[in-house]
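Enquirer: got a sequence here, can you build the structure:
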Amino acid sequence: RKLEGLRAWAEAFDDLEQEAKRRQAPEDQDSTVPPPATKAGSNQLSLFARTDSTSEPAAKPSRTRAAARTPPLERISRAKRGFASLRQHVEALSGERTLANWLSWLAAFLDDDPWDIADRIYDVPAEQFELARLDLAGWQGFKQIVEEWSTSVSSWGGGEERLSVGAFEGRLRELLACDVAHWTETQRGVHVLEGLAAAYRSFDHVFIVGLEAGRFPVRAPRSPILDDSERQSLIDSGLPLDDRKTWEYRERELFRSLVAGARVNLTLSHARQDELGREVVRSAFIDGVADVVTLDETMMLASDILTPGLALYDSASSLRHAQHAARMEVERNIPAPGESAYAGSSPYNGSIEDPELRAWLERTFGDDRVWSATQIEDYAKCPWAYFSKRLLRLERHEDPDEDMDNLVRGSLLHDALKRFYDAAFAQRGEPILLGQFDASWAEPLLIQSLDDALSEAEERTWIGHPVLRQTKREELRRMLLRFLRFEIDHNERMENNRTNNAKILRTGVTQHELAFDDMLLEREGVKFRFRGSIDRVERGVDQRVDASSFVAAVDYKTTVYSVPAGGEKEGWRDDVVLQVPLYAYALTRLEPDSRVSRVEYRAVKSRDVSHSLELVQVDRTAKVLRPDAEAAEQMERALTAVAKHVKRVRAGLFPASPAPSCMCPSYCHAWEICRVKGGPRSKWSW
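Expert: The predicted model follows:
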């Protein structure tokens, strides 16, 4: 939950430490945590803010997901001590001070340097102290600016104004927001300058880098409040604001002056990918130059860049390290025998070879382990991402903000739809297959279900800043109503014999969140136990045939990008569509007399049906059911793939080999430690 203030954080650490002590009993330890000898993830630092609302002794906790994710006591205590050390310094930032006092405090802080910033600047590899030059210049320049500012305030006055730490930080940023050019002692060599510092100067050779769209020219900032006409009205009234034309003219003039400064030749450079591996387009300025002159265009790979006369290594140890790294890369990309689908499984790419760890994996992921359907699907998408998340316990912690968390939003959508269909089923007493005539009562009921879900969620989780609460409710309301109309339209097309939907066996919603535990699946000599909760269960209501024994399993996703392979059919080929087939298999065990007619994902925001697998279809002419042998084979292949993935987990194989249909989503927690050759590769702009 959200915490504000140092005292609240200190109390939260105390509560979390007490909770960890209560959970330290041997019987409460998670059996999936590796033995201490493995030290899996022991050097990963995280900060958790989790408190209990009561100070009374807690009952023995159940083995819930939240309990299993409670950090170890030692880790909490270490973070608590670190926070206490931090608090000693930041408590000085509480309250208001005069500007003169703030400057005195800042000058003393820089002189004392309690965090050894100046010493850390010199902590550079292989004694390459020239790397510290700019950092030292910035550090010394910062101290000089503070000293001169303090002197001017004491000499000229104006230091009695009382400021909060936020107001003082804003003043400081304004003062530091300027370009600084670092000049060489002579005019020879290469000058690395900001664009504004190089403008209206001439050089023999000019290299302009960073010419990607959106970076140069920089896009004019957009106001969340004012549109262009309102902004122009303020400008006409005399306010010192720039309109869009002025902004664009200034960017063009800066580029023109830089181009004009080249006496001999001009080189324009732009990247093909950003820091996340996504493709970017070049600046329109390059196209403008190409309109008037002929450009000699060349694409350079990073590995091809060599500077004549510059040594590739500076010591024998550097050479040995490079050779060792090269051997690792070669071995990392050689497929193991019989591993064509998982190329590159090696000790340097996710293959566990230590006998003790292999034995631990076989025990931990043996026949008695109860998986979730989501976990096995995560492994299928990328074994390395599964390893780093489930075994190393790495998490991606986003910066806190005032908006609603995506997981909370998804839970609210699930809850609202569950409440809606449960209420509709209770009122009508029959499976719900919505049609056009149902919209008049369904829309108000859906809105009420959303309000009830929001009201209950508000008591147990953070659903966004109160000021934005109504706006967020309106966003969810529109999303759900559009999804409702999409479902009605989808069902109406099943009534039209001229559409492909007419061959679908008609089913109505009967249940939501049907939970099951310890379901057993046996394939290829592998026993796989799993648990889960089926988002939506439907039962046959088709009057054209005898459909009463047929059921369908539907899983909700917020958007199509949350669906395996983004909803593309190649996901079946890559064996990553596993959740709904497992749910359908579970349905046949929960209701032995039932037969599965269909499995699919439905994306609420995208209003899309994905990976729909129809095991039976209605012959519209003969009005009989015909099984689909291809769909049945695909269902069996998916269940067999589960056994294949489990075998690989037990064998300790976790290569960085994402399924081609999934690739690497930018929100992956393992993005920074990815072992994919050439770095993570995104399929979409997520």
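Enquirer: hey, let's count contacts and neighbours off CA atoms from now on
Expert: OK.
Enquirer: excluding chain neighbours, what is closest to residue 106?
Expert: The shortest distance from residue 106 to any non-neighbouring residue, by CA to CA, 6 or more residues apart in numbering, is to residue 146 (7.6 Å).
Enquirer: so the one you found lies in a helix, does it not?
Expert: Yes - per DSSP: H, G, I helix; E, B strand; the rest coil, residue 146 lies within a helix segment.
Enquirer: report pLDDT for it.
Expert: Looking at residue 146, its pLDDT is 88.
Enquirer: that one reaches residue 100, doesn't it?
Expert: No - applying CA atoms under 8 Å as the test, residue 146 and residue 100 come out as separate, 10.8 Å apart.
Enquirer: need the residues touching each of these two.
Expert: In terms of CA atoms under 8 Å, 6 or more residues apart in numbering, residue 146 and residue 100 are not both contacted by any residue.
Enquirer: tell me the SS of residue 534?
Expert: At residue 534 the chain is in strand, as set by three-state DSSP.
Enquirer: distance of it from residue 563?
Expert: Counting by CA to CA, to the nearest Å, the gap between residue 534 and residue 563 amounts to 15 Å.
Enquirer: cool, residue 622 as well?
Expert: 35 Å.
Enquirer: who's more crowded, those two?
Expert: Shown here are residue 622 and residue 563; by other CA atoms under 10 Å, residue 563 has more neighbours (22 against 9).
Enquirer: hang on, the earlier thing: now for the residue nearest to residue 106: which residues touch it?
Expert: 103, 106, 107.
Enquirer: how about the contacts made by the first one?
Expert: This means residue 103. 146, 149, 150.
Enquirer: next one, pLDDT for it please.
Expert: pLDDT, residue 103: 89.
Enquirer: roughly how far does it sit from residue 158?
Expert: Noted for residue 103: a distance of 12 Å to residue 158, by CA to CA.
Enquirer: for this structure, longest helix please?
Expert: The longest helix of the chain (DSSP state H) is helix 469-494.
Enquirer: distance check, the residue nearest to residue 106 against residue 668.
Expert: 41 Å.
Enquirer: same deal with residue 447?
Expert: Distance, residue 447 to residue 668, using CA to CA: 34 Å.
Enquirer: do the same with residue 428
Expert: Residue 428 sits 44 Å away from residue 668, going by CA to CA.
Enquirer: coming back round to it: more crowded one of residue 447 and residue 668?
Expert: Comparing residue 447 with residue 668 by other CA under 10 Å, the one with more neighbours is residue 447, at 21 against 14.
Enquirer: that one touches residue 476, doesn't it?
Expert: No - judged on CA under 8 Å, residue 447 makes no contact with residue 476 at a distance of 9.4 Å.
Enquirer: what residues does the helix or strand encompassing residue 248 touch?
Expert: Here residue 248 sits within helix 244-260, counting by DSSP states H and E. With contacts defined as CA under 8 Å, 6+ apart, helix 244-260 is touched by 195-196, 198-202, 206, 208, 216-218, 220, 266, 285.
Enquirer: can you rerun that using 10 Å?
Expert: With CA atoms under 10 Å, 6 or more residues apart in numbering as the contact definition, helix 244-260 has outside contacts at 195-196, 198-203, 206-208, 216-222, 228, 231-232, 241-242, 265-268, 285, 289.
Enquirer: identify the neighbouring strands of the next helix or strand after it in the sheet and state each direction.
Expert: Using DSSP H and E, the helix or strand that follows helix 244-260 in sequence is strand 262-268. According to DSSP bridges, strand 262-268 forms sheet pairs with strand 203-208 (parallel).
Enquirer: can you point out the buried residues in the partner strand?
Expert: Residues of strand 203-208 classed as buried by neighbour count (16 or more other CA atoms under 10 Å): 203, 206, 208.
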